[in-house]
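Asker: Requesting a structural model of the entry that follows:
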Amino acid sequence: MSRFTREAVIQHIAERHPKCPDFAVSFFAEEVARRTWNDAPLGMAVGITMQNTLRHLMTDYDQLLLCGIDREEARRRVQPRINAMIAQWSGPKRKRRSKRRTGSESSASE
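Answerer: Model prediction:
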């Protein structure tokens with residue numbers, strides 16, 4: 001059985017999903033850290049937590065179940081949205097471009 005610290009989860013997400021919003025990183029870190037994971041490495045624990053959270057909070061998965069759609073079909077329908085959200089968090093973090101005013105812009109506004 002494995003337990004992971006909040007700090008280890010935050011570090012993992014920072015490396016693998018650097019564009020993940022800070023509030024989500026904090027939420028995922030708390031969720032992973034509070035559980036005991038049976039033979040799951042850190043990456044799997046984070047992945048399971050992200051998938052489950054996004055499935056239930058950011059898709060219409062639960063509504064599909066309530067409408068009588070079976071679990072497998074409901075998961076199939078919402079998985080592309082989950083994949084897209086996680087994909088947006090992956091890759092190098094983009095630097096924000098600063099808005100610099102050039103000399104001509106500043107004199108035109110004065």
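Asker: which parts of the lengthiest helix in the chain are buried?
Answerer: The single longest helix within the chain, with elements called by DSSP state H, is helix 71-89. Residues 74, 75, 78, 82, 85, 86, 89 are the ones in helix 71-89 that count as buried (16 or more other Cβ atoms under 10 Å). Every residue, glycine included, has its C-beta placed from N, CA and C.
Asker: What is the nearest of those residues to residue 7?
Answerer: Comparing those against residue 7 with Cβ to Cβ places residue 89 closest, at 18.9 Å.
Asker: Return the distance of that closest one relative to residue 39.
Answerer: From residue 89 across to residue 39, the span is 26 Å (Cβ to Cβ, to the nearest Å).
Asker: and stretch 66-84, how far out from the chain's middle?
Answerer: Its chain's average C-alpha position is 18 Å from that of stretch 66-84, according to Cα atoms, centre = their mean, to the nearest Å.
Asker: residues making contact with that stretch?
Answerer: Residues outside stretch 66-84 that contact it (Cβ atoms under 8 Å, 6 or more residues apart in numbering): 51, 54, 55, 58, 59, 60, 61, 64, 65.
Asker: switch the cut-off to 10 Å
Answerer: 50-56, 58-65 (Cβ atoms under 10 Å, 6 or more residues apart in numbering).
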